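Trainee: no sequence for this one, just the structure:
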């Protein structure tokens, strides 16, 4: 098998990460990468880290690219692009994996409250499968359009899925997700607030009054345990990391439930989600560059509150790696095919 | 007035920070700095950043130093030193400000559970005043021995004092303090786990099963609102910052209380604690190098949980700066005398 | 004395640094700060680090500001602004210290080769005094317009002045300045290439084919030792530092000259330039936040090449600090008046 | 083919990097990892980043390990260990690749001047092949003992080899290697000077009076162009990078030689050394995690001095990667077998 692949918007961080991950994927062949601004520039000139990998690839203007000849097209674009450019490809039978937020929220009017667009292809929102692999593996396998999850939703939802499925969280108590993200999560666009001199040696919360990933996480939580999403308190923080995301989650469980056992059981066969021993403290570098989520549960303190720690690389399991994992599922490959990168430590 | 000052253990981070802060203090005169390992080395040779400031000072061996000629001696030593070396000075009438943990916990047996020592001067524990300036200003003024608080206890307690005093936290609900600290908090001793190549580009929780600052914070909370300390869930995280500490605190308040108003009112006259507008997100660099704590409250989400953010520089308000503030109080000076450093940004 | 001060373009890094340095300057009173984009915003709202310092100051639109009522106006603007806006103020007798490059190069046609402008006030270029304090102290004292030097030119020129004055460098041999700068040197404007995720954990040379500071350094070198500037090989590198600049300079000296002695002698009375013992290795943090340049000379290796190390904080001695030092000189104050900040370490 | 591998001293950075690189090497089977301090600890417990890779491996005490059953043993130990422990293995026919400095310097008395030991196996120094693959490929193929080069020697020597072979450097002129290294180069041992709070946001030269890699580089230079090594001026600097090394090399060439052409020609077939277009500025992250050296030459300035830039990942091409490359050569495999990692960017 050789899957013909296109990448739209390949100059951003999720784009270059897809290129890194797919360079040695045994079944992948990249036939087109597009960029509106860098058209006709050689890929290896734009990204010297890729010299020697894709020496014949040249960025194509999206309008000149033959994306319809691809088997699957990844959209690594800002929000608002895939909703316009994916439907013509889908109509021709091309599979699409969208790394942006365009197809993640099923309730289009809710989506429109959080994103500054009128959705241009709401009919495809209904068709899209939310690509959280560990939750929707079966439907992903048959999907034509996959909405690849956001980084915070992936990091927060993965440890909560087993608890929500058992409906073991106490009803009217907050589910607190205190999250810390590296700066690459903000993308590669020019910005003052993400400059090195602004973010280095600095730590702050942001987007407390409402981060766009809030409705996305709530949708997953509510889907598994009705009303539970509304208990979510989500505080993202910006941390001086290039890559890496850490969620510290505080939940209150009904008596008799042990979250460590539930999570362990749910992920016992997973190659991607690693449940560490109780009391461990997973660190972000332990997943750097790898398609992994590591989770640990802390021993219950006196007052019934459990602490769950979850780490991912926001560009891998939080974006490009999960996208490739989704592609693998869609093509009946082993989920980790081509994704067995060992984390870079130190 | 010229206060004659000694610093014991001046080669660590809190020591060199005291030296920075006191260099231009209008009433301070440093007459002795001691170090067991660096005795007879010139201060400005050991710390090139201090060249031009204290060009005549030489580290003295603690046994040769005439600390009893000082008006006040700061202990910037590892735990377990001050409990031995402070009492002889105290007996001669010298005032002592201890930046270590030796005199912070009133319950000596509890202290001994958390620190690997038998306390050698428990009689002085009873005399010591806990030097959280904004709580104990009056008793500090008359103290001979001040136990300077830890960094986490300062950052977490300051925003909670006004709420605890009003007893407005709901009784059996957790008080969650999700805290993030820069690496200088771990001190300057040789260590593998605090190497640059270990801590840079990495984020992790640590000490969840029991950090030594836990009983210290609990003591303050219980003092103000009995039993409330036991509801504390405290999770410290190590962050790639040189300096800086950020606490994200989640509390549940009884109906009708607005924490923003209570905190605002309590600190309305403070030069040290800055209450920012509701919805602000204080960043650690906004207090870098300065004796400040900045606090903000987030608008109440639906489920009765309030979010409070608090930042300090762990070496200043979290250690040396608060120690100098305590000295100012003990000598009847303006609290911020010599402490009006403007934060270094960027 | 109270010097009435205006700052044009106070939202950038050199602007906020001027505000930090002047907050407690005993003779300074800031009466106007301008910003085209942030007009009518409170200073302390824009820069939370300044809360408590200038609580009444509000950014003024440059066209509404009464800058002509100032005694001295600092231009902390991008290149190309001061050349237009300074002359009307100068015409009214206001003193101007320009932190941009507009008045640094005496040869206007050369300037125009390096900067993308036609100079709009060449008549003032002739009047301007190049504000390298340690070289031009006397003319600065009587200047109305000071061209504050660039960061690289300051860091490279200071250790070379004593050698050039003695004409002791060998004529046709390269003077190599291998320089490393922190990222704040690039300013606060939105940019992709200075993002945290681009600059952190990365090191690279840049601008080798021609950095704008090259003609500026050459001008100083040629002024002191004709033709020597043309021997300059200048390689700037971008380093993951917020602040800090380090020059490693390789020179070949005529026999019998000892650069350590010459530099020592030249700066023996300076409070700003600290000549460290031979063999020392000054580090950038040893000047962090302080108006200092630390220099050391390495023992001569066999082959007649000497190594000279020089460090500054690019925002202080490399920009705002030197600007205040120039103001002090212009007003007959002690050069270090208000500038005795102790470096922040760690 | 399955090569049975042992790693001595696998708890340090070069050890864990070998483990990362070999995890998916198609011909490698790790049968023993040793550690004096961590004996009987599971590898994946000690290095959580390796969870899922070597789940059966347990650190063995070096005295209990059956290293003589290995085909090849890597020494990732501090200096002074391999010289003692390698000879018994060599005597039994085991191949050894030593990542320490024990066998690098052919002149044992010179070695003893720089390292604080009396060499315990000088007879093997003569047998050892210096494992700079691009220079000694043929002799490495038949070697039993390979002395893997240091990181600075690799980064500096690679671009100079083609110039030295042509003897085109001017005789009595300095060869200046201004080098910048990430902190992981100092290893993982406990240390005050390599703490995060010491190295972050700081830049400094070190070891100027004599770094141990100086005689190693000189040996290579002198070997290719007698006496040229003595012209070397080598200044290492410590940079806030986890990984990465950048050499900025200044050489004076005889008229008529173009270093870009010579270097290009020498490496035209290399998969490991990438010669970038003239005028490029290779950045350290462009080789992060990869067994690559990227080199560029800058256009000649007026005064006959050429600037050559060279970057490696100090832990890969500067240590573990080159060691695996040497193993590949020793076993007749493709040099890059198992080493085709794409650099991690950002």
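Mentor: Good, I have the coordinates. Source: prediction; values computed, not measured.

Trainee: Please make it C-alpha for all contacts and neighbour counts, starting now.
Mentor: Fine.

Trainee: Give the buried residues for the longest helix anywhere in chain A.
Mentor: Ranked by residue count under DSSP state H, the longest helix found in chain A is helix A:151-165. Within helix A:151-165, the residues that qualify as buried are A:151-164, counting by 16 or more other C-alpha atoms under 10 Å in any protein chain shown.

Trainee: which among these are in contact with chain C?
Mentor: Among these, no residue lies close to chain C (C-alpha under 8 Å from any C-alpha of the partner chain).

Trainee: For those residues, give me TSV that also has distance to residue C:211 and pLDDT.
Mentor: Below are those laid out as TSV (distance: C-alpha to C-alpha, whole Å; pLDDT from 0 to 100):
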residue	distance to residue C:211	pLDDT
A:151	39	98
A:152	41	98
A:153	45	98
A:154	44	98
A:155	44	98
A:156	46	98
A:157	49	98
A:158	49	98
A:159	51	98
A:160	53	98
A:161	55	98
A:162	57	98
A:163	58	97
A:164	58	97
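
Trainee: Tell me the one of the residues you listed nearest chain C?
Mentor: residue A:151 (16.3 Å; C-alpha to the nearest C-alpha).

Trainee: Excluding chain neighbours, what is closest to that closest one?
Mentor: Spatial nearest neighbour of residue A:151, excluding adjacent residues (C-alpha to C-alpha, 6 or more residues apart in numbering or on different chains): residue A:318 at 4.0 Å.

Trainee: Start and end of stretch A:23-40, how far apart?
Mentor: 20 Å (C-alpha to C-alpha, to the nearest Å).

Trainee: List the contacts of it.
Mentor: Applying C-alpha atoms under 8 Å, 6 or more residues apart in numbering or on different chains, the external contacts of stretch A:23-40 come out as A:1-11, A:22, A:53-54, A:57-62, A:65-67, A:70, A:337-339, D:342.

Trainee: tell me the mean pLDDT over that stretch?
Mentor: Average pLDDT, stretch A:23-40: 95.

Trainee: For that stretch, what is the distance to the chain centroid?
Mentor: Here stretch A:23-40 is found 20 Å from its chain centre; the criterion is C-alpha atoms, centre = their mean, to the nearest Å.

Trainee: Next: stretch A:89-100.
Mentor: Distance of stretch A:89-100 from the chain centroid (C-alpha atoms, centre = their mean) equals 17 Å.

Trainee: In this structure residue A:161 contacts residue A:224, no?
Mentor: Yes: if you go by C-alpha atoms under 8 Å, residue A:161 and residue A:224 touch, sitting 7.4 Å apart.

Trainee: Quick one: name whatever helix or strand follows the longest helix of chain A.
Mentor: For helix A:151-165, the succeeding helix or strand toward the C-terminus, using DSSP states H and E, is strand A:175-181.

Trainee: hmm, that following strand in reach of chain C?
Mentor: No: using C-alpha under 8 Å from any C-alpha, strand A:175-181 stays clear of chain C, with a minimum separation of 12.0 Å.

Trainee: what's in contact with the helix or strand following that strand?
Mentor: Under the assignment DSSP H and E, the closest C-terminal helix or strand after strand A:175-181 is helix A:196-199. If you take C-alpha under 8 Å, 6+ apart as the criterion, helix A:196-199 is touched by A:183, A:192-193, A:238-240, B:346, C:183-184, C:194-200, C:240-242.

Trainee: Quick one: buried ones out of the contacts of stretch A:23-40?
Mentor: Going by neighbour count (16+ other C-alpha under 10 Å), the contacts of stretch A:23-40 have A:3-11, A:22, A:53, A:57-62, A:65, A:67, A:70, A:338-339, D:342 buried.

Trainee: Okay, and which of those map to strands?
Mentor: Among the buried ones among the contacts of stretch A:23-40, the members found in strands (DSSP state E) are A:3, A:4, A:5, A:6, A:7, A:8.

Trainee: which one of the buried residues of helix A:151-165 is nearest residue D:249?
Mentor: residue A:151 (42.1 Å; C-alpha to C-alpha).

Trainee: what residues are up against the closest one?
Mentor: A:185, A:245, A:314, A:315, A:317, A:318, A:319.

Trainee: same check, this time on residue A:77
Mentor: Neighbour list for residue A:77: A:8, A:9, A:10, A:12, A:99, A:100 [criterion: C-alpha under 8 Å, 6+ apart].

Trainee: And the furthest pair within these?
Mentor: Greatest spatial distance among the contacts of residue A:77 (C-alpha to C-alpha): A:10 and A:100, at 12.7 Å.

Trainee: Now do the shared contacts for those two.
Mentor: Joint contacts of residue A:10 and residue A:100 (C-alpha under 8 Å, 6+ apart) are A:76, A:77.

Trainee: For residue C:244, see how far away the one residue in chain A that gets nearest to chain C is.
Mentor: As assessed by C-alpha to the nearest C-alpha, chain C sits closest to residue A:196 within chain A, at 3.6 Å. Look at residue A:196 and residue C:244: by C-alpha to C-alpha, they are 13 Å apart.

Trainee: Which one of these two is surrounded by more residues?
Mentor: residue C:244 (31 against 27; other C-alpha atoms under 10 Å in any protein chain shown).

Trainee: now the spatially closest residue to the more buried one that is not a sequence neighbour: how far from residue D:202?
Mentor: Excluding the flanking residues, the one nearest residue C:244 by C-alpha to C-alpha, 6+ apart is residue C:313, at 4.4 Å. Taking C-alpha to C-alpha as the measure, residue C:313 falls 11 Å from residue D:202.

Trainee: So between the two, which is more surrounded?
Mentor: Ranked by neighbour count (other C-alpha under 10 Å), residue C:313 and residue D:202 place residue C:313 first, with 31 against 26.

Trainee: Report the contact partners of the residue nearest to residue A:151.
Mentor: Applying C-alpha under 8 Å, 6+ apart to residue A:318 gives the contacts A:149, A:150, A:151, A:152, A:154, A:155, A:312.

Trainee: so how far is chain B from it?
Mentor: Using C-alpha to the nearest C-alpha, to the nearest Å, residue A:318 is found at 16 Å from chain B.

Trainee: Chain B contacts on the stretch 201-346 of chain A?
Mentor: Within the stretch 201-346 of chain A, the positions adjacent to chain B are A:201-206, A:208-209, A:231, A:233, A:239-244, A:246, A:279, A:281-285, A:298-299, A:301, A:303, A:305, A:346 by C-alpha under 8 Å from any C-alpha.

Trainee: out of these, which are buried?
Mentor: Among these, those classed as buried by neighbour count (16+ other C-alpha under 10 Å) are A:201-206, A:208, A:231, A:233, A:239-244, A:246, A:279, A:281-285, A:298-299, A:305, A:346.

Trainee: For burial, what's the neighbour tally of the closest residue in space to residue A:307 that isn't next to it in sequence?
Mentor: Spatial nearest neighbour of residue A:307, chain neighbours left out: residue A:250 (4.9 Å); criterion: C-alpha to C-alpha, 6+ apart. Counted with other C-alpha under 10 Å, residues neighbouring residue A:250 total 21.

Trainee: Let me see the confidence value for residue A:63.
Mentor: The per-residue pLDDT reported for residue A:63 equals 87.

Trainee: Run a quick neighbour tally on it.
Mentor: Per other C-alpha under 10 Å, the neighbour tally for residue A:63 reads 10.

Trainee: Could you do the one 10 residues further on as well?
Mentor: When counting by other C-alpha under 10 Å, one arrives at 27 neighbours for residue A:73.

Trainee: ok, now how distant is it from residue A:85?
Mentor: 11 Å.

Trainee: Same check on residue A:101?
Mentor: On the measure of C-alpha to C-alpha, residue A:101 and residue A:85 end up 14 Å apart.

Trainee: Same question for residue A:239.
Mentor: Distance from residue A:239 to residue A:85, by C-alpha to C-alpha: 34 Å.

Trainee: Residue A:160 now?
Mentor: 34 Å.
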